[in-house]
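**Student:** give the three-dimensional model of this entry:
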Amino acid sequence: MAYIDNELIFCQDKSITAAVSPATTSETLSDVIDLGTNGPVLHPLFIDVKLPTPFTAGNISKITLQSSAVANDFSSAVDEMAVIPPATQTSTMTLAQFYAPIKTGNRYVRLKFDGASSPAGGKVTAFMTPGATVV
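**Tutor:** Numbering: from 1, shown residues only. Here you go, the predicted structure:
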């Protein structure tokens, strides 16, 4: 089991729920992580998204990494990268693992989870780590 710095956790057992509008898509946001004044310049950041509690209905249709130069203002956030997880999410699984490109100068990052078909019952854990090796 990996030891993860608590400050690098986007969310832990976060429920993914449907939003009121638009009816066909919902989004849930993770916590914001501050990368510091230097940002991700030393190592590429590795994002790991797990599904410890599977969905009873619906699923996550897209996971987007967003960045911003301002701590609490993601109104002009940069969508750095988006991944499409497996469509069937009825068992515990890894939804996504990817290296994160971050725009220079953007020190704040978060994940946006888009749901399809009114997701219910599922919980997501997501974190990042510097310099992970993928085999």
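**Student:** partner strands of the helix or strand hosting residue 79, with direction?
**Tutor:** Assigned by DSSP states H and E, residue 79 falls within strand 78-83. Using DSSP bridges, the strands paired with strand 78-83 are strand 57-68 (antiparallel).
**Student:** can you give me the buried ones in the strand it pairs with?
**Tutor:** For strand 57-68, burial by neighbour count (16 or more other Cβ atoms under 10 Å) applies to 58-68. In this view, the C-beta of every residue, glycine as well, is placed from N, C-alpha and C.
**Student:** ok so, going back, distance between the strand holding residue 79 and the chain's centre?
**Tutor:** Strand 78-83 sits 10 Å away from the centroid of its parent chain (Cα atoms, centre = their mean, to the nearest Å).
**Student:** what do you get for stretch 8-21?
**Tutor:** Counting by Cα atoms, centre = their mean, stretch 8-21 is centred 9 Å from the centre of its parent chain.
**Student:** please, which helix or strand holds the residue nearest the centre of the chain?
**Tutor:** Closest to where the C-alpha atoms of the chain average out (Cα atoms, centre = their mean) is residue 111, at 3.3 Å. Taking DSSP H and E as the criterion, residue 111 maps to strand 108-120.
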